[in-house]
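Engineer: The following comprises the amino acid sequence and a computationally predicted model.
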Amino acid sequence: MIQTLGDFIELDTCDVQDSKDFLTINFSATSVPLQQRWRNNGLSADFLAGYLCTFFPGEDDETHNRRVVIKDGVNFVANELLENAMKFNYPPAKCSVHLYMGLKQDKVLLYVTNCIDPTVVAAWQHELKRVLTEDTHALFLEQLIKNEQEDNSDSGLGYLSMINDWNAKLAWKFESAAEDESVQKVTVMVQLPI
Amino acid sequence: MEIIQDDYQIRFDSENNSVICSGTYRLTGDEYAAIVDILKTVADAGPDFLTINLTALKFLNSSGINILCKFIMRLRKNNVTQVRVIGNNEYAWQQKSLTNFKKLLPSLNLEFE
């Protein structure tokens, strides 16, 4: 069964494939300890952001400023998506994490797919629906207060920061893996305006 | 009080009541514990004023946003209202994300240099 939340655009549609410039990264999320993978998230995010900047050459102030904003935005979003994929990947499913980044005229598209624990899907979807329908600035404050009371190690602020600080549009697709119906896959799509 | 690692650093300069964060704050939630301890100690000491210098902070992930926002909330709780945050104009993320601090402590003075 496929379920989408938000305005999810399939990666294989003509609209997305108009992006002639794209990068994909695929890696096993379970082959090395989380701590070590965490460092790789940063390296991957730095690379994606630095690579994208080469499409915006020019040394005038306006281009330089635009490049700085694009670089920081992609770096933050890609890092958060990869951190989430590593944290919430479901090891028993033994599936890899897949990242796609495509450049369109007015936005960068990022897709990250990983497997998740099927028992947490319903609760997670409930939270995501709130992100899509409620005031995200109010949710940010609510989450901070919750974090202070519960001392959570997971901040729950990543998606909200993408939306509030970077005007990103998010959507999710939940589906069963083709090779095993009991394995749940999630793809998060981020449209980052540039 | 200070933590000096290759990738990230934090130092409390008690002479100038200044917290200086630098490097790349891209740690896991649990890895921030030592930094949080320093920030809690500073906030709970209740200084008359405080400067938070972020001019050399290159990157902050959402767990880092969480700890710095909680630090600002703790300052407010301890009536430390004269707070100056110095950011860096060259980092676009700082101009986007640091404004959240003012929502948590309206008297906070946010500057970029």
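Structural biologist: Great, that's in hand.
Engineer: okay, CA-based contacts and neighbour counts for the rest of this
Structural biologist: Fine.
Engineer: Residue numbers of chain B in contact with chain A?
Structural biologist: When proximity is defined by Cα under 8 Å from any Cα of the partner chain, chain B lies next to chain A at B:26-30, B:60-63, B:65-66, B:69-70, B:90-93, B:96-97.
Engineer: rerun at 6 Å
Structural biologist: Listed as neighbours of chain A in chain B under the rule Cα under 6 Å from any Cα of the partner chain: B:29, B:30, B:62, B:63, B:92, B:93, B:96, B:97.
Engineer: and the residue of chain A positioned farthest from its centre, what does it touch?
Structural biologist: Centroid-distance maximum for chain A: residue A:60 at 31.0 Å, with Cα atoms, centre = their mean. Counting by Cα atoms under 6 Å, 6 or more residues apart in numbering or on different chains, residue A:60 makes contact with nothing.
Engineer: what about burial for the residues of chain B next to chain A, which qualify?
Structural biologist: Taking 16 or more other Cα atoms under 10 Å in any protein chain shown as the criterion, what is buried in the residues of chain B next to chain A is B:29, B:62, B:63, B:92, B:93, B:96, B:97.
Engineer: I'd assumed the third one was in a helix, is it?
Structural biologist: What that stands for is residue B:63. Yes. Per DSSP: H, G, I helix; E, B strand; the rest coil, residue B:63 lies within a helix segment.
Engineer: list the contacts for it?
Structural biologist: Applying Cα under 6 Å, 6+ apart to residue B:63 gives the contacts A:155, B:29.
Engineer: And it, how far from residue B:53?
Structural biologist: With distances taken as Cα to Cα, to the nearest Å, residue B:63 is found 19 Å from residue B:53.
Engineer: quick one, longest strand in chain B?
Structural biologist: In chain B, with assignment by DSSP state E, the single longest strand is strand B:49-60.
Engineer: who does that strand pair up with?
Structural biologist: strand B:18-25 (parallel), strand B:82-87 (parallel) (DSSP bridges).
Engineer: What does the closest residue to chain A within chain B show for phi and psi?
Structural biologist: Proximity of chain B to chain A (Cα to the nearest Cα) peaks at residue B:29, 4.5 Å away. Dihedral pair for residue B:29: phi -50, psi -50, per degrees, to the nearest 10.
Engineer: Check residue B:81 too.
Structural biologist: Backbone geometry at residue B:81, expressed as degrees, to the nearest 10, gives phi -100, psi -20.
Engineer: give me the number of residues near it?
Structural biologist: 20 (other Cα atoms under 10 Å in any protein chain shown).
Engineer: before we move on, what about residue A:12?
Structural biologist: By the criterion of other Cα under 10 Å, residue A:12 has 8 neighbours.
Engineer: Now residue A:112: closest residue in space, sequence neighbours ignored.
Structural biologist: Excluding the flanking residues, the one nearest residue A:112 by Cα to Cα, 6 or more residues apart in numbering or on different chains is residue A:99, at 4.5 Å.
Engineer: Can you get me a residue count around that neighbour?
Structural biologist: Taking other Cα under 10 Å as the definition, residue A:99 ends up with a neighbour count of 22.
Engineer: can you check residue A:156 too?
Structural biologist: 19.
Engineer: Where does it sit: helix, strand or coil?
Structural biologist: Secondary structure state of residue A:156, per three-state DSSP, is coil.
Engineer: Excluding chain neighbours, what is closest to it?
Structural biologist: Spatial nearest neighbour of residue A:156, excluding adjacent residues (Cα to Cα, 6+ apart): residue A:143 at 6.8 Å.
Engineer: In which helix or strand does that neighbour reside?
Structural biologist: Using DSSP states H and E, residue A:143 sits within helix A:136-150.
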